[in-house]
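Novice: quick one, what's the 3D model for this:
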Amino acid sequence: MATVLHNQSLLDFAIQHTGSALNAFAIAMANGISISDEISAGSDLIIPDSVVIDVDIRNYYTSKAIQPATAITIIIDGEPEPQLQGIGYWIIGDDNIVS
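Specialist: Just a heads-up that it's a prediction; the model follows:
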């Protein structure tokens, strides 16, 4: 089990703790989440024993104190980036029902 850092995506978490982004799939399944879910800083995620650890990459990240956190919110004029809406952004059958 390991703790999620601020602005980490599941891919960041997998790379930092296992050395491979491919392990994000196994971590997501073990924790009952989707690979695209936003994960909360401070939450603990299970890293299953079945994942293959790339020791070289994990040790490199550890030795250089690299903590990837790519889920950064874009700030425009002091405000978070607006969520785009409207017919050009709707998904048929999800946001927009066609009958």
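
Novice: contacts, neighbours, all on C-alpha from now
Specialist: Noted.

Novice: can you get me a residue count around the closest residue to Ser34 other than its chain neighbours?
Specialist: Among residues not flanking Ser34 along the chain, Ala28 sits closest, at 5.7 Å (C-alpha to C-alpha, 6 or more residues apart in numbering). Per other C-alpha atoms under 10 Å, the neighbour tally for Ala28 reads 21.

Novice: confirm Ala28 sits in a helix?
Specialist: Yes: according to DSSP: H, G, I helix; E, B strand; the rest coil, Ala28 belongs to a helix.

Novice: quick one, phi/psi of Thr3?
Specialist: Dihedral angles of Thr3 (phi, psi; degrees, to the nearest 10) stand at phi -100, psi 140.

Novice: excluding sequence neighbours, find me the nearest residue to it.
Specialist: Asp44 (4.4 Å).

Novice: list the residues that contact that neighbour.
Specialist: Shown in contact with Asp44 (C-alpha atoms under 8 Å, 6 or more residues apart in numbering): 1-4.

Novice: return the distance of it relative to His17.
Specialist: 12 Å (C-alpha to C-alpha, to the nearest Å).

Novice: also Ser50?
Specialist: 14 Å.

Novice: so for those two, which residue has more residues nearby?
Specialist: His17 (23 against 9).

Novice: go ahead and confirm the more buried one touches Asp56.
Specialist: No: using C-alpha atoms under 8 Å, His17 makes no contact with Asp56, being 11.6 Å away.

Novice: identify the contacts common to those two.
Specialist: Contact criterion C-alpha under 8 Å, 6+ apart; residues shared by His17 and Asp56: none found.

Novice: which stretches of the chain form strands?
Specialist: Remark: strands assigned in the chain by DSSP state E are 2-3, 44-45, 75-76, 79-80.

Novice: in its sheet, which strands sit next to the first one, and in what direction?
Specialist: Spelled out, it's strand 2-3. If you go by DSSP bridges, strand 2-3 pairs up with strand 44-45 (antiparallel).
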